[in-house]
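**Q** coordinates only, sequence not included:
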């Protein structure tokens, strides 16, 4: 759970921000409290809410920016919105905003994959006193830990004990282990203090640390250093900077590079090997100069070194065979100043051709991009997955995971959008207006599904309360394929139309002609 305290303002601009989201259909006012007559009369608008908060805050004219604006979010749908509201009330009470009479607005936002709410209130309490705000960001984290039953002190003690199990023989190496685990540490006389988020969580006596000094087995250590050197040299070739290299090493091998000195000009580094529970001096593996020496983009292009670029491309797919074109291009651009284009040609920033990508690699990158896109729909049933895979030309359904839960906010928004189109459209305009809203209808046997291309949402229409009588279609196929087609916007249309299969070409919005799948339903299939 994350709580982010946002910018204050004099005129409660956060109300206008949230109300605009409501108007756009990506947010909802979930709770309103202590707005007196506004609630009784129903006169709730952005202006009336702002005016009320300004008048309420005028009890204390010493506060120039009385707005308190907070966002609370969780990972994906780990908590539903009712749970987020309950959490918010506990949080506000601990932070001093929970007194009876405190005006409160809570908005649910549905514009990201992570459930989150926005809270707007005043920094003035009902008695006209300013609510305590000193060190509020530090207190905010402490309140979150308290509500969630987390103990940073216990966590750091656990990390310390785990760190003692590593092979290290200097204080600096021990501190490198702590840093790789997300902690800062600094010397204080004969102690070191350990902190996170600006808060000191524990202290350790230097004598206690020195008791755990130990040297790795020489033969084993030498063998591991050689392995690490080979790994560093290999992956340095497919990265463009030390940060990128560090990310790959940590993710793939459990190895952290801890640099010493300034961020842009370190004078040394240590290697924390979490896999083998050991710390090494970086220079004993690979000199800092060699580690940080990356070829200049201009040099590579001037030499027309296409072999190096193609080898790098192959290495990237060896490291991660699920890489997409976008992910690969990001690295190629940083390292060489080149990109792969949709025709498979690698070009520089002047669009000069550098090399041709093998068709198998191009197909792999495009396929991975389609998988990434279809995953975004989060199918919750095998039938939904089958429909999406057929729609997106995904050969192996197992590449798409079944989502454990339905995202109710997104599906409800899609259902409401469809209802609105049906209710406000003439019969022969329904499919045209659905298309304009980036919504398509797909039929599989007797089931009807809706896909929202804007929010990547799929819903079985037979499981909704939508009046489907207006969406009834003939069973016969229509021969005018070109008229039946809709262009997918952006990169996905290019990807879906870039396949070499004739069956797929120019058929982006079909779901299979040689089976019992219908075309995407449109107005020509209405019973008139």
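**A** Received the coordinates, thanks. Nothing here was measured: the structure is a model prediction, and the numbers come from that model.

**Q** Tell me who's in contact with residue 116.
**A** Shown in contact with residue 116 (CB atoms under 8 Å, 6 or more residues apart in numbering): 71, 72, 73, 74, 84, 108, 109. Every residue, glycine included, has its C-beta placed from N, CA and C.

**Q** okay, the third one: pLDDT?
**A** Listed pLDDT for residue 73 reads 91.

**Q** center of the protein - which residue?
**A** The chain has residue 113 as the residue nearest its centroid, 7.6 Å off, counting by CA atoms, centre = their mean.

**Q** I'd assumed residue 75 was in contact with that one.
**A** No - the pair residue 113 / residue 75 is not scored as a contact, 9.2 Å apart, by CB atoms under 8 Å.

**Q** hmm, back to that, mind putting the contacts of residue 116 in JSON lines, secondary structure, neighbour count and distance to residue 147 included?
**A** Output for the contacts of residue 116, formatted as JSON lines (DSSP: H, G, I helix; E, B strand; the rest coil; neighbours: other CB atoms under 10 Å; distance: CB to CB, whole Å):
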{"residue": "71", "secondary structure": "strand", "neighbour count": "16", "distance to residue 147": "16"}
{"residue": "72", "secondary structure": "strand", "neighbour count": "22", "distance to residue 147": "11"}
{"residue": "73", "secondary structure": "strand", "neighbour count": "19", "distance to residue 147": "14"}
{"residue": "74", "secondary structure": "coil", "neighbour count": "17", "distance to residue 147": "12"}
{"residue": "84", "secondary structure": "helix", "neighbour count": "21", "distance to residue 147": "12"}
{"residue": "108", "secondary structure": "strand", "neighbour count": "23", "distance to residue 147": "19"}
{"residue": "109", "secondary structure": "strand", "neighbour count": "21", "distance to residue 147": "21"}
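
**Q** Name the nearest of these relative to residue 375.
**A** residue 74 (20.3 Å; CB to CB).

**Q** quick one, phi/psi of that closest one?
**A** phi -130, psi 170 (degrees, to the nearest 10).

**Q** That one: what's it in contact with?
**A** Counted by CB under 8 Å, 6+ apart, residue 74 has contacts 1, 2, 84, 114, 115, 116.

**Q** For burial, what's the neighbour tally of the second one?
**A** Going back to what we said before, that points to residue 2. For residue 2, the tally of surrounding residues (other CB atoms under 10 Å) stands at 13.

**Q** pretty sure it is in contact with residue 78, am I right?
**A** No - using CB under 8 Å, residue 2 is not in contact with residue 78; the gap is 11.2 Å.

**Q** Tell me how this structure divides into domains.
**A** As recorded under automatic domain parsing, the domains making up the chain are 2-147, 152-210, 218-292, 297-357, 373-525.

**Q** element containing the residue lying closest to residue 276 once chain neighbours are set aside, please.
**A** Nearest residue to residue 276, sequence neighbours excluded (CB to CB, 6 or more residues apart in numbering): residue 224, at 5.8 Å. Assigned by DSSP states H and E, residue 224 falls within helix 218-236.

**Q** Show me what the next helix-or-strand element following that helix is packed against.
**A** Where DSSP H and E defines the elements, the next helix or strand beyond helix 218-236 is helix 242-253. On a contact count with 3 or more CB pairs under 8 Å, 6 or more residues apart in numbering; DSSP states H and E, helix 242-253 meets helix 218-236, strand 255-261, helix 288-292.

**Q** what sits up against helix 242-253?
**A** Outside helix 242-253, the residues that touch it by CB under 8 Å, 6+ apart are 231-232, 235-236, 239, 255-257, 259, 275, 291-292, 319, 331, 334.

**Q** What spatial separation is found between the residue nearest to the centre of the chain and residue 78?
**A** 11 Å (CB to CB, to the nearest Å).

**Q** Now residue 452. Its backbone dihedrals?
**A** Here residue 452 shows phi and psi, under degrees, to the nearest 10, equal to phi -100, psi 110.

**Q** Reformat the contacts of residue 116 into a markdown table and put distance to residue 397 next to each item.
**A** Output for these, formatted as a markdown table (distance: CB to CB, whole Å):
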| residue | distance to residue 397 |
| --- | --- |
| 71 | 37 |
| 72 | 36 |
| 73 | 32 |
| 74 | 29 |
| 84 | 34 |
| 108 | 33 |
| 109 | 32 |
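
**Q** From residue 116, how far out is residue 76?
**A** According to CB to CB, residue 76 stands 11 Å off from residue 116.

**Q** Contacts only, for residue 27.
**A** Residue 27 touches 18, 21, 107, 108, 109, 110, 111, 118, counting by CB under 8 Å, 6+ apart.

**Q** Pull the number of nearby residues for the nearest residue to residue 133 once chain neighbours are set aside.
**A** Distances taken as CB to CB, 6+ apart place residue 123 nearest to residue 133, at 6.6 Å, with adjacent residues excluded. Residues near residue 123, counting by other CB under 10 Å, number 20.

**Q** Use 132 as the first number for this chain going forward.
**A** Sounds good: first residue 132 from here, last item residue 254.

**Q** OK, contacts around residue 254?
**A** 139, 188, 194, 196, 197, 198, 199, 261, 262, 264.

**Q** Just the buried subset of those residues, please.
**A** By neighbour count, with 16 or more other CB atoms under 10 Å, those hold 139, 188, 194, 197, 198, 199, 262 as buried.

**Q** how much space between the third one and residue 262?
**A** In this structure, residue 194 lies at 10 Å from residue 262, with CB to CB as the measure.

**Q** Tell me the one of the buried ones among the contacts of residue 254 nearest residue 319?
**A** So of those, ranked by how close each gets to residue 319 (CB to CB), first place is residue 262, at 33.9 Å.

**Q** Report the separation between the closest one and residue 255.
**A** In this view, residue 262 and residue 255 are 7 Å apart by CB to CB.

**Q** again, but for residue 284
**A** 34 Å.

**Q** Likewise for residue 281?
**A** 31 Å.

**Q** Neighbour count for the two, which is higher?
**A** The neighbour comparison of residue 281 against residue 255 (other CB under 10 Å) goes to residue 255, with 23 against 14.

**Q** Now the more buried one: phi and psi?
**A** Per degrees, to the nearest 10, the backbone of residue 255 is at phi -110, psi 130.

**Q** re the thing from before, among the buried ones among the contacts of residue 254, which ones are in helices?
**A** Using DSSP state H, the subset of the buried ones among the contacts of residue 254 located in helices is residue 188.

**Q** And the buried ones among the contacts of residue 254, which is closest to residue 162?
**A** Closest to residue 162, out of all of these and judged by CB to CB, is residue 199, at 15.4 Å.

**Q** Go ahead and confirm that closest one touches residue 253.
**A** Yes - counting by CB under 8 Å, residue 253 is a contact partner of residue 199 at 6.4 Å.

**Q** just to revisit the earlier point, return the most buried member of the helices and strands packed on helix 373-384.
**A** Each of the helices and strands packed on helix 373-384 was scored by mean neighbour count; the highest is strand 386-392, a mean of 18, by mean count of other CB atoms under 10 Å.

**Q** Distance from the chain centre to that strand, please.
**A** 26 Å (CA atoms, centre = their mean, to the nearest Å).

**Q** How about stretch 549-568?
**A** 32 Å.

**Q** Okay, now the unreliable bits of the stretch 382-531 of the chain?
**A** 426-435 (pLDDT under 70).

**Q** Please apply the same query to the chain.
**A** 426-435, 603-659.

**Q** picking that back up, tabulate the helices and strands packed on helix 373-384 (a markdown table), appending distance to residue 546.
**A** Below are these laid out as a markdown table (distance: least, CB to CB, whole Å):
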| stretch | distance to residue 546 |
| --- | --- |
| helix 349-367 | 47 |
| strand 386-392 | 47 |
| helix 419-423 | 54 |
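
**Q** mind checking which of the ones you listed is nearest residue 273?
**A** Using CB to CB, the nearest of the helices and strands packed on helix 373-384 to residue 273 is strand 386-392, at 27.7 Å.
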